[in-house]
Structure formats: C-alpha cells, structure tokens
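K.L.:
okay, here's the prediction I keep looking at, along with the sequence it came from:
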Amino acid sequence: MPHYLAFFDKEDVVFDDETTHHLKTVLRVKLNEDIKCLIDNEEYQVKITSINPLKGKAIKKNILDSELKSHVRLFLCLFKGEKFDWVLQKACELGVSDIFLVQSKRTIVKIDKQSKEKKLSRYQKILDLASGQCLRKTSSKIIDVINLKDINKDLMMDINLLANEKEKGATNHTFDILNNLDQRKSISCIIGPEGGFDDDEILYLKDIGFESISLGKRILRSDTASLYLLSVISFCLEK
C-alpha cells in the first residue's frame, strides 16, 4: 500500500488539493477506510473520518526504515524527453537524498530564470509521488539548477564519482570503491548529458576531487547510466 503526504490540523489529518483529488476521485476512498500517510517524515495509519471535506484521524504511528544509511547526492546533467522525468522518479525510488540539475557545455535542454520555478515545482512533484509509492520516509529534494563549473567542494560529499564514458572497460576500480562503501560517509555522483562531458569539464571535475569511474565496456545513455550507478550504490549500501 503506498502512503500519501498529509498534514496535522490540530487532531485532524488533512491533505493538499492534489492528494485530496487523487484519494476521492481516483481511489474513491471510503468513510472509515484505513490508509498510510507520511506526516512530518513519519508514517501513520490513518482512518478516514470525513469525505467532504476529506479528513482523517491518526490511529497508529508506524516504524519506517526505508532510507539509505548514507546521504546520496545526484548531479544530473539535463537531457531532453520524457525519460528525464522517469530518471527523477527512479532516482527517488533508489534512495537518492537530493538532486542538483546541471547545465553543461553539451546539454541541449536549458532552464532559464523565467521557467525555473515552474519546472522545479513539477520535478519535485514527480519525486514526492515516487516517494509515496515506494514507501520512503522522506522524498528526494531538487536543490537547484546550476552550471557544471559552479560545482565546488562545498557541494561535494565524502566520496564523489564521475561516470566517465572515456573510462569504458573493466569496472574493477568502480567495484573496489563501491564494494567498500562506508555507510558513515556521504556519496555524490555526476551523470553527463546525451553528448557526454567535454574534456575540459572532465579535467575540472577531477581537479576538484571527483573520481573518474567506468560503468562497463559499453557506452550507456544518460538515463541508463544514472540508474545503473544508483542501483549499484543502493545495493552496496544495503547489502
């Protein structure tokens, strides 16, 4: 059963307009029906006490342990198409903590100041819905849109991985890093755009401390590379 974002209003549990519409119109929730809700990053069993307006009452607080033990940050270069939305959704399902959207030399998609707020709001809704579906305790957060060379040590984690298509080949080095992950250390990874990273960008990222790694013998598309690396990180942190 998925859980739904909700809020306390004194003793009542209430929902935003979008969740209310989904519960009433799509799921046709019934009076006295039990649902799971995420309230202040905690999961509750909620009994529906009113349909119009939609309200509930928290009857039980559940223990929810669905987060990765390490903070995982994704620097994701923008790319076009519906697959970008799909990657955001799956990144949340795989436990990513937060996401910076990155504009590099070869990114085709650009987010300008006029469209930024609207697009980030839509992307955050994708993450929030994914969080509820996969029973995470908290949603991944979109932090900002930045240029690649605005990435600096202040934004980096303890371990920083650069998925570099020029490193294609044996993954021994990648395996050595990920197989020995310390759950007390935070991790970031950066995934390039459809055209890959420019040589100067790779040099810049290495200079500030990113470890260049291979994802195998084949050149992977941006969406595939994102989920490949995040899946391995998640697996290694939860083994």
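P.N.:
On my side now, so go ahead. Residues are numbered from 1 along each chain as shown.

K.L.:
quick one: low-confidence ranges for this protein?
P.N.:
1, 64 (pLDDT under 70).

K.L.:
what about the helices in it?
P.N.:
Applying DSSP state H to the chain gives helices spanning 17-21, 82-93, 113-133, 172-179, 199-207, 222-238.

K.L.:
which one, of these, ends up nearest to residue 68?
P.N.:
The minimum distance between residue 68 and the helices of the chain falls on helix 222-238, with 5.0 Å, by CB to CB. The way it works is simple: take the backbone N, C-alpha and C, and place the C-beta from them, glycine included.

K.L.:
tilt between the closest one and helix 172-179?
P.N.:
Angle of helix 222-238 versus helix 172-179, following axes from the mean of the first three to the mean of the last three CA atoms, to 10 degrees, is 50 degrees.

K.L.:
tell me which residues are up against helix 222-238.
P.N.:
With CB atoms under 8 Å, 6 or more residues apart in numbering as the test, helix 222-238 has contacts from 68-70, 72, 74, 76-77, 79, 83-84, 86-87, 90-91, 94-96, 161, 163, 174, 178-179, 181, 183, 187, 189, 191-194, 215-216, 220.

K.L.:
out of those residues, which sit inside strands?
P.N.:
Secondary structure from DSSP state E places 72, 74, 76-77, 161, 163, 187, 189, 191 of the contacts of helix 222-238 in strands.

K.L.:
adding neighbour count and distance to residue 18, write the residues you listed out as CSV.
P.N.:
Shown next, in CSV, are these (neighbours: other CB atoms under 10 Å; distance: CB to CB, whole Å):
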residue, neighbour count, distance to residue 18
72, 25, 27
74, 27, 25
76, 23, 24
77, 25, 29
161, 22, 35
163, 23, 34
187, 25, 32
189, 25, 31
191, 27, 29
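
K.L.:
and these, which is closest to residue 47?
P.N.:
residue 72 (34.9 Å).

K.L.:
okay, and the beta partners of that closest one?
P.N.:
Under DSSP bridges, the beta-bridge partners of residue 72 are residue 187.

K.L.:
so what are the domain limits for the chain?
P.N.:
3-62, 72-238 (automatic domain parsing).

K.L.:
please consider this matter closed, and thank you.
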